[in-house]
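Student: My questions concern the predicted model and sequence given below.
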Amino acid sequence: MNPSFKNPIIIMGMHRSGTSLVTQILESAGLFVGDKKDSNYESMLFKFLNQWILTNSSGSWDSPESIEYILANKEMRNLTEDYLESILVSRHLINYLGLKNFLKYRKLDNLTFKWGWKDPRNTFTFPIWSTLFPKSNVIHVYRHGVDVAQSLKVRYEKAKSREIQVHKLRKQNGHYYLFSKKRRGFVNSVHFHNLDNGLDLWNRYMTQANFIVTSLNSRALLVKYEDLLHTPQQTIQKLLQFCGLPSDQGDFLASNLKIKPSRAYAFKQDSKLEKYAIKHQDCLAKWGYGNLDKINELSGQ
């Protein structure tokens with residue numbers, strides 16, 4: 001058996017950065033990313049395990065640095081890794097492989113096809129996974145920080161509006177939580193009501209991912225979301241070669257993608273966001289987004 005089949009492709013990157021699009025492309029090309037997935041192409045099993053890791057360290061996807069408490073505590077780290085390994089050799093693996101594959105292979109080590117999973121949380125949980133899969137490969141997808149921050153803010157506003165509407169209807173109908181309580185807050189992450197908090201989290205994810213990518217060298221691939229939109233054929237070809245997938249399907253995949261080039265550097269279409277980008281140029285420049293003249297050229301302005 002080709003030993004590379006034992007090495008998963010771990011896809012990471014800040015939320016709202018294009019990781020779902022990249023995963024969709026790779027799945028279409030033959031990368032197995034899970035039998036049970038959510039709408040963002042995230043394996044339900046690995047998503048649950050990543051959430052468990054962060055929760056166990058009193059963290060979450062939008063407050064991930066507390067995982068350092070586990071990484072720095074040898075006993076807790078060993079327990080965490082032992083638990084994860086136990087889950088991945090148990091019947092719970094059916095949630096990732098599906099029943100047919102589980103009955104055929106039983107273990108991840110036995111797989112004869114390329115596999116992996118996508119979850120932005122991998123950016124911070126990777127040190128744990130790298131112990132279980134020491135030869136894993138990483139794809140880091142990144143996008144302009146202002147577009148990410150704005151996307152988080154828009155998602156927050158939509159969720160808030162929806163929850164407030166439901167809340168008002170309950171009051172108007174006289175129910176007002178008479179027989180039930182809210183199981184969660186009005187929004188998932190209340191602090192994304194402004195751009196600053198979103199940009200700050202983007203910078204933290206970028207910093208952590210950069211550390212991982214640098215340490216892995218050739219076992220890591222950087223994918224710029226804007227490059228995928230502007231030059232899909234070339235970018236997809238790099239993805240396929242990196243993952244060891246048939247490269248002859250690159251042009252077909254690119255031509256069948258519903259790509260909207262206007263989503264690249266979308267902040268340029270809003271004068272307030274453009275001013276915000278100029279104000280935070282130093283932060284953006286650290287990750288190759290500081291040259292606004294070049295961005296104007298690429299965005300056709």
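Tutor: Noted; the coordinates are in hand.
Student: buried sites along stretch 49-60?
Tutor: Going by neighbour count (16 or more other CB atoms under 10 Å), the buried part of stretch 49-60 is 49-51, 53-54, 56-57, 59. The way it works is simple: take the backbone N, C-alpha and C, and place the C-beta from them, glycine included.
Student: should've said stretch 85-102
Tutor: 87-88, 93-97, 101-102.
Student: where along the stretch 1-150 of the chain do the helices fall?
Tutor: Ranges of helices in the stretch 1-150 of the chain, per DSSP state H, counting those that start in this stretch, are 19-29, 44-56, 68-71, 74-88, 94-105, 122-132, 145-172.
Student: following the longest one, which helix or strand comes up?
Tutor: Looking back up the chat, that one is helix 145-172. helix 195-216 (DSSP states H and E).
Student: Run the angle between that next one and helix 145-172 for me.
Tutor: Calculated by axes from the mean of the first three to the mean of the last three CA atoms, to 10 degrees, helix 195-216 forms an angle of 130 degrees with helix 145-172.
Student: Contacts made by helix 195-216 with the rest, please.
Tutor: The contact list for helix 195-216, computed with CB atoms under 8 Å, 6 or more residues apart in numbering, reads 12-15, 62, 64-65, 120, 123-124, 126, 137-138, 140, 142, 145-146, 148-153, 191-192, 220, 222, 273, 276, 280, 283, 286-287.
Student: quick revisit: which two from the buried residues of stretch 49-60 end up farthest apart in space?
Tutor: Pairwise distances among the buried residues of stretch 49-60 were taken by CB to CB; the largest, 14.0 Å, belongs to 49 and 59.
Student: circling back to that earlier point, nearest to residue 269, of the buried residues of stretch 85-102?
Tutor: Closest approach between these and residue 269, by CB to CB: residue 96, at 39.5 Å.
Student: so how far is residue 134 from that closest one?
Tutor: Computed as CB to CB, to the nearest Å, the residue 96 to residue 134 distance reads 19 Å.
Student: For the residue nearest to residue 287 when sequence neighbours are not counted, the count of nearby residues, please.
Tutor: The shortest distance from residue 287 to any non-neighbouring residue, by CB to CB, 6 or more residues apart in numbering, is to residue 206 (5.1 Å). Applying other CB atoms under 10 Å, we find 25 residues neighbouring residue 206.
Student: Which members of the contacts of helix 195-216 are classed as buried?
Tutor: Taking 16+ other CB under 10 Å as the criterion, what is buried in the contacts of helix 195-216 is 12-15, 62, 64, 120, 123-124, 126, 137-138, 140, 142, 145-146, 148-153, 192, 220, 222, 273, 276, 280, 283, 287.
Student: Much appreciated, bye for now.
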